[in-house]
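A.B. asks: need a structure here:
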Amino acid sequence: MDAKIAWHTWRKILRDEALQQQLVDGQWQPQACDAFTPEEQAVIAAYAENIDRAKWFIENYQFRLVNSFINALENGAPLTLRALLNRGVEIPQLSRDFLQAHQWHDYGPRVYTYCRDILNWLIADGESQIWPAPLVDLMGLEYQVVSLYLSLQHGVPAASGPAGYAHTGMARLYCSQFRLSQWLRDKKTLGQVMPPSGEEHLLVTLPDLNSRHKYLLLPPRCAALFNQPPVHGAPLDENDAPFLARLVSANALVLRELTHEVR
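C.D. replies: Down below sits the predicted model:
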């Protein structure tokens, strides 16, 4: 039996609950497995003969993935996790629902990729009105957090381009439809006391690569300057100076100086 085929077939068994049930019930029939090659069917037959021992490994695999779901949210979307817990959501069952929808995919050490996919899945459910709209808004905010971390997995983007203000690559801006700052100030109310509707501009920023992210509530004009930083030579309104200084201080923008080529 080829070791590589045996390994990949075992991984398929781990992700196929219907096949697992057939093996446990002793109802698996090779001729019914059109999705598997004859070599793979031989591997499955071997596991079928030892399903009592294999069952423990299947259950252990599922137990590990259920726990890793919680770990992914704790690392990438702790506010969403806390809000769900405060609402009495059964997280282990939610985890199983997600994993079943994703064929028990094993993300391994890719915690933020795992969290990104969880948030995508939760937000899609929220659009079906399973979750309150402010909670979906919070998920959208933390999706920006996760996206920021994922964008930095290969390091900070190299500083290049013309003189003037430019993005550092260490910040993201989220425009909320509810006043999420209420939850950011008082986390005990997450998921329980719904914030009022109202647009807010929330900056997610990393002071440096050794720090966790921070949230800043920006005035509309400050948010507009982040979205479209002024280029070198463009006239600046004196009222914009404090906003630009705040964005630079938050490591959201950097001021590139004009350099002169020496001939």
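A.B. asks: mind checking pLDDT for Ala77?
C.D. replies: Per-residue confidence (pLDDT) for Ala77: 97.
A.B. asks: let me see the contact set for it.
C.D. replies: By Cβ atoms under 8 Å, 6 or more residues apart in numbering, Ala77 lies in contact with 115, 118-119, 139, 142-143, 145-146. Every C-beta, even on glycine, is put in place using the N, C-alpha and C of the backbone.
A.B. asks: and if we set it to 7 Å?
C.D. replies: 115, 119, 142, 146 (Cβ atoms under 7 Å, 6 or more residues apart in numbering).
A.B. asks: and Leu138, how many neighbours does it have?
C.D. replies: A count of neighbours around Leu138, defined by other Cβ atoms under 10 Å, yields 26.
A.B. asks: the one 3 residues further on too?
C.D. replies: For Leu141, the neighbour count with other Cβ under 10 Å is 24.
A.B. asks: contacts only, for it.
C.D. replies: Leu141 makes contact with 174, 176, 180, 202, according to Cβ under 7 Å, 6+ apart.
A.B. asks: hmm, back to that, of the contacts of Ala77 - the most surrounded one?
C.D. replies: Ranked by the number of neighbours (other Cβ under 10 Å), these place Cys115 first, at 28 neighbours.
A.B. asks: sec struct for the nearest residue to Glu200 once chain neighbours are set aside, please.
C.D. replies: Setting aside the residues directly before and after it, Glu200 is nearest to Ser176 in space (Cβ to Cβ, 6 or more residues apart in numbering), at 4.7 Å. At Ser176 the chain is in strand, as set by DSSP: H, G, I helix; E, B strand; the rest coil.
A.B. asks: so Ser176 makes contact with Gly198?
C.D. replies: No - contact between Ser176 and Gly198 fails when scored by Cβ atoms under 7 Å: they sit 8.3 Å apart.
A.B. asks: contacts only, for Thr113.
C.D. replies: Listed by Cβ under 7 Å, 6+ apart, the contact set of Thr113 reads 107, 150.
A.B. asks: farthest pair within the contacts of Ala77?
C.D. replies: Cys115 and Glu142 (8.2 Å; Cβ to Cβ).
A.B. asks: which residues of this protein fall in strands?
C.D. replies: 164-167, 171-178, 197-205, 214-218, 253-256 (DSSP state E).
A.B. asks: any idea how far Asp97 lies from Leu85?
C.D. replies: For Asp97, the distance to Leu85 (Cβ to Cβ, to the nearest Å) stands at 16 Å.
A.B. asks: longest helix in this protein, please.
C.D. replies: helix 51-76 (DSSP state H).
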